[in-house]
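Trainee: no letters, just coordinates:
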């Protein structure tokens, strides 16, 4: 696969179409989903000394996470954020570990006195 082709496909993949989903309507309310899209790519090519052989390679990746929706009701637009429960749980676990390590350090320091 040609590197230029890989990069062209990556550019086509990381577009506004990936950020805003297709709007849908129900009972007079229009909902437009939105996502955070990140992507990256790279490639390379080379030639063996003496022109014996050539090589090339490339690739790209895309990550998309929902961030919320725009809700249109009666001519008024509101934003409803998506709640990432996994991120909340991981954050709470990190805070708990930090608190336990701090309590342990304080208890050790007091026991040495």
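Mentor: Noted; the coordinates are in hand. Just so it is clear, the model here is predicted, and its values are computed rather than measured.
Trainee: what sits against residue 35?
Mentor: 18, 19, 20, 21, 64, 65, 66, 67 (CB atoms under 8 Å, 6 or more residues apart in numbering). Bear in mind the C-beta positions are built from the backbone N, C-alpha and C, glycine included.
Trainee: mind checking pLDDT for residue 88?
Mentor: Per-residue pLDDT puts residue 88 at 92.
Trainee: now for the contacts of residue 35: which two are most distant?
Mentor: 20 and 65 (13.8 Å; CB to CB).
Trainee: which one of these two has more residues nearby?
Mentor: When residue 20 and residue 65 are compared for neighbours, residue 20 comes out ahead with 15 against 11, by other CB atoms under 10 Å.
Trainee: the more buried one contacts residue 32, doesn't it?
Mentor: Yes. Checked against CB atoms under 8 Å, the pair residue 20 and residue 32 is within contact range at 6.0 Å.
Trainee: residues that sit against both of these two, list them.
Mentor: Common neighbours of residue 20 and residue 32 (CB under 8 Å, 6+ apart) do not exist.
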